[in-house]
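Chemist: sequence and predicted model, in that order:
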Amino acid sequence: MTSTPPLPRITSDHMDSILAGTRMRRNRRTDWSRRLVRENVLTVDDLIWPIFLTDGTNARQPVASMPGVFRLSVDEAVREANRAAELGIPALALFPYTDPDLRDETGSEALNPENLTCRALQAIKAEGLNLGLMTDVALDPYTSHGHDGLMEGETILNDETVDQLCRQALVQADAGSDVIAPSDMMDGRIAAIRQSLDLHGHRDVQIMAYAAKYASAFYGPFRDAVGSSGTLKGDKRTYQMDPANTDEALRETELDITEGADMVMVKPGMPYLDVVRRIRDEFQVPTYAYQVSGEYAMIKAASANGWLDGDRAMLESLLAFKRAGADGILTYFAPMVASFLAGDK
């Protein structure tokens, strides 16, 4: 019988020869090769564009802390909705700036079927666009104290707020909202809103839950845009999440899914990419991230000062959400990115 020859002993010279054949840079050498092996791709289908609304006609009020972002009157919002549809952006998210004279302790303007958000919904829907409309369910744009809920002294009342949110969601659904997005972080509100929508003939209206919304320092420019920064008394740490926690985010998300959420969101975005990844891996449900106003403002400010290449930083930041597992991103950069991806920039 012929014996099997022993395997050659791998010497340092052999190892050097083997390693010499591994050249990671080969796949990076050309543009076509980089595109061929790319693991994550950003497309226009990943974008949701948040826009701010204001009363008036032909109004485009600049938001000082968000360069390039405006509060839009309804007619201007309709024009931008048409632009979004032409660019292929799948959805808009609407946020109102409510006249201070219409704000009160209970946020009653949120229940007015002729409020700014409802009028914008109706006007955009009348255009017959292939465009989803998402609306924020929370009371902070409507309350005189700037909080997301009803108050008794210094305490946010959970269950009483949920009742109010259900009525707000119905008003928005009646006006044409496709996606109800509760951002208030009250306990049990997803189940209550889902039941209210179903009982009133809105079974097909989707819910995107702000499942993990953190008490973040990155919301400042947004509060300027909706007019709540000057009215907010105290802070929101008794109902928004502690930035130190991630296990809690999984519990919150599981509850929202169990209660009937169709999609879930993490807010803010980039400082919480680890949370996006944990939620996506754990639940395998449509998961979104909100690149919030502070993130947008930082990139714009650094770009304006020549400290960053603004376009590259914008695209890199959004690709990071995809790499973390997000199915889509709410971003104020949406029209710029859509134009860039279409080759118009």
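Modeler: Looks like it arrived, so ask away.
Chemist: for the nearest residue to residue 182 once chain neighbours are set aside, give me phi and psi.
Modeler: Of all residues not flanking residue 182 in the chain, residue 137 sits nearest, at 4.2 Å (Cβ to Cβ, 6 or more residues apart in numbering). (Each C-beta comes from the backbone N, C-alpha and C, glycine too.) As for residue 137, its main-chain torsions (degrees, to the nearest 10) stand at phi -110, psi 100.
Chemist: burial of the closest residue to residue 325 other than its chain neighbours, as a residue count?
Modeler: Of all residues not flanking residue 325 in the chain, residue 280 sits nearest, at 3.3 Å (Cβ to Cβ, 6+ apart). The burial count assigned to residue 280 is 20, neighbours taken as other Cβ atoms under 10 Å.
Chemist: what's the helix or strand where residue 280 lies packed up against?
Modeler: Using DSSP states H and E, residue 280 sits within helix 273-283. When contacts are defined as 3 or more Cβ pairs under 8 Å, 6 or more residues apart in numbering; DSSP states H and E, helix 273-283 packs onto strand 206-213, helix 247-259, strand 263-267, strand 287-291, helix 310-324.
Chemist: turn the ones you listed into TSV, including distance to residue 180 and mean neighbour count.
Modeler: Putting those into TSV (distance: least, Cβ to Cβ, whole Å; neighbours: other Cβ atoms under 10 Å) gives the following:
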stretch	distance to residue 180	mean neighbour count
strand 206-213	5	26
helix 247-259	12	17
strand 263-267	11	26
strand 287-291	14	27
helix 310-324	22	18
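Chemist: mind checking which of those is nearest residue 21?
Modeler: Of all the helices and strands packed on helix 273-283, helix 310-324 sits nearest to residue 21, with 28.5 Å by Cβ to Cβ.
Chemist: can you show me the CA trace of that closest one as CSV?
Modeler: C-alpha atoms of helix 310-324 as CSV (Å, rounded to 0.1, in the frame of the first residue of the first chain):
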residue,chain,number,x,y,z
GLY,A,310,-21.6,69.0,2.2
ASP,A,311,-22.8,66.7,-0.6
ARG,A,312,-20.4,63.9,0.4
ALA,A,313,-21.2,64.2,4.1
MET,A,314,-24.9,64.2,3.3
LEU,A,315,-24.8,61.0,1.2
GLU,A,316,-22.4,59.3,3.6
SER,A,317,-24.6,60.0,6.6
LEU,A,318,-27.7,58.6,4.8
LEU,A,319,-25.8,55.5,3.7
ALA,A,320,-24.9,54.9,7.3
PHE,A,321,-28.6,54.4,8.1
LYS,A,322,-28.9,51.8,5.4
ARG,A,323,-25.8,50.0,6.7
ALA,A,324,-27.3,50.0,10.2
